[in-house]
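1. Pasted the sequence and its predicted model underneath.
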Amino acid sequence: MARPIWSGAINFGLVNIPIEMVTAVHEKTVHFHMLSKDGTCRLRRKLYCPESDKEYDFNQTARGLEVAPDEYVIVDQKEINRLKPEKGKAMEIEQFVPLSSIDPVFYDRVYYLQPGKASFKPYALLVKTLDAADKCAIARFVMRERQHIAVIRVLSGGLVVHTLHYADEVDHIDNLLPKEVTGAKVNAAEVRIADELVKSMTKPLDIESFRDEYRERLQKLIDAKIKGKELVEVYDEPEEKAPRATSLMDALKRSLAANKDVKPASNRTKVAPKPHARTTRRRRAKV
């Protein structure tokens with residue numbers, strides 16, 4: 001069982017369900033450190049004043065908010081501590097809503113909720129109740145000295161919690177769109193062909209078919225360097241691009257025609273994707 005990052009209980013009405021929250025997503029990316037050119041020393045950043053070039057330790061610093069160019073309001077850590085929310089162990093459900101009523105733009109982080117000790121029955125009851133009602137729960141809780149609003153929903157017989165952005169944290173897109181977009185007129189023929197294109201490209205989602213190809217190639221290079229091997233990568237000449245469309249209607253028609261020429265995935269022979277580059281490059285791994 002995964003190690004919890006927060007533990008407490010889900011409360012709704014008089015029902016109390018002890019739970020443990022565990023990380024649901026582990027982002028896979030390659031992190032590099034800054035080293036000296038010969039790789040013998042890992043470099044560190046330092047706190048210093050650019051005017052006096054004096055260095056400072058972390059305990060010699062203060063927190064400040066810039067209110068004007070080069071003007072700051074200093075807030076003492078004790079003052080901040082007095083304003084922090086009280087640490088709690090309760091995830092208080094405030095209401096139930098259809099999941100579709102929450103726009104994905106509000107989603108922040110995702111976690112799994114696993115049942116705590118002796119809470120299997122009430123946990124299962126909440127799962128079955130939410131599933132039968134086709135609803136999710138809106139809850140509040142405090143984690144890492146921050147108040148969170150969250151949505152609790154059912155996934156594969158278990159509970160998932162998504163922390164949400166507050167409404168004042170999300171910019172409204174209608175305030176960002178230029179008038180040329182909101183006032184643009186699209187004719188019926190363009191809508192019809194665009195609709196046909198969407199239908200021709202609609203198929204069941206296979207999320208596992210999407211891979212971070214750059215990360216995989218980078219990891220392959222790193223693995224070869226660790227083993228002291230020579231890495232040979234072959235890059236094919238890029239395919240010639242189709243001529244640029246002369247109009248929106250032209251682009252729609254050509255896109256639809258090209259998509260209709262593609263055979264269904266089940267009838268095609270799988271070919272490994274080819275990275276785009278022009279020459280054969282040899283990289284010798286260094287230990």
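-> Nice, I can see it.
2. Relative to residue 206, how far out is residue 128?
-> Residue 128 sits 29 Å away from residue 206 when distances are taken as Cβ to Cβ, to the nearest Å. To be clear about C-beta, it is placed using only N, CA and C from the backbone, and glycine gets the same treatment.
3. Revised request: answer the last question for residue 215.
-> Counting by Cβ to Cβ, the gap from residue 215 to residue 206 is 19 Å.
4. quick one: which of these two has more around it?
-> residue 215 (12 against 8; other Cβ atoms under 10 Å).
5. Now that the more buried one has come up, it's in contact with residue 31, right?
-> No - with contact defined as Cβ atoms under 8 Å, residue 215 does not reach residue 31; the gap is 11.2 Å.
6. can you give me the helices in the stretch 101-250 of the chain?
-> 120-133, 179-182, 188-200, 213-227, 248-260 (DSSP state H, counting those that start in this stretch).
7. List the buried residues for the last one?
-> Which is helix 248-260. Using 16 or more other Cβ atoms under 10 Å as the test for burial, helix 248-260 gives 251-253, 255-256.
8. Sort these by pLDDT and name the bottom one.
-> Model confidence across the buried residues of helix 248-260 bottoms out at residue 252, which has 81.
9. which residues touch that one?
-> The contact partners of residue 252, by Cβ atoms under 8 Å, 6 or more residues apart in numbering, come to 190, 193-194, 197.
10. again, but for residue 259
-> Taking Cβ under 8 Å, 6+ apart as the test, what residue 259 contacts is 197, 200-201.
11. Out of the residues you listed, which end up buried?
-> Of these, these count as buried by 16+ other Cβ under 10 Å: residue 197.
12. Now flag whichever of the contacts of residue 259 is closest to residue 176.
-> residue 197 (26.2 Å; Cβ to Cβ).
13. mind listing what residue 50 touches?
-> Contacts for residue 50 (Cβ under 8 Å, 6+ apart) come out as none.
14. Could you chop the chain up by domain?
-> 6-27+84-169, 188-239+247-284 (automatic domain parsing).
15. and the residue of the chain most remote from its centre, which of the three is it?
-> What lies farthest from the middle of the chain is residue 52; by Cα atoms, centre = their mean that is 40.8 Å. Classification of residue 52 by DSSP: H, G, I helix; E, B strand; the rest coil places it in coil.
16. How many neighbouring residues does residue 113 have?
-> 24.
17. got a list of what it touches?
-> Contacts of residue 113 (Cβ under 8 Å, 6+ apart): 10, 19-22, 152, 158-161.
18. Separate out the buried members of the residues you listed.
-> 10, 19-22, 152, 159-161.
19. I'd like the contacts of residue 113 written out as a markdown table, with distance to residue 89 and pLDDT added.
-> Below are those laid out as a markdown table (distance: Cβ to Cβ, whole Å; pLDDT from 0 to 100):
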| residue | distance to residue 89 | pLDDT |
| --- | --- | --- |
| 10 | 11 | 90 |
| 19 | 10 | 90 |
| 20 | 11 | 90 |
| 21 | 11 | 89 |
| 22 | 16 | 90 |
| 152 | 16 | 97 |
| 158 | 20 | 96 |
| 159 | 17 | 97 |
| 160 | 20 | 97 |
| 161 | 15 | 97 |
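20. how near is residue 113 to residue 29?
-> With distances taken as Cβ to Cβ, residue 113 is found 26 Å from residue 29.
21. again with residue 209
-> Distance, residue 209 to residue 29, by Cβ to Cβ: 20 Å.
22. Same question for residue 72.
-> The separation that residue 72 has from residue 29, given Cβ to Cβ, amounts to 34 Å.
23. about what we covered before: and which of the contacts of residue 113 is nearest residue 91?
-> residue 10 (4.8 Å).
24. you'd agree the closest one is up against residue 17?
-> Yes - counting by Cβ under 8 Å, residue 17 is a contact partner of residue 10 at 4.3 Å.
25. intersection of neighbour lists for the two?
-> residue 126.
26. if you skip the residues just before and after it, what's nearest to residue 249?
-> residue 190 (6.0 Å; Cβ to Cβ, 6 or more residues apart in numbering).
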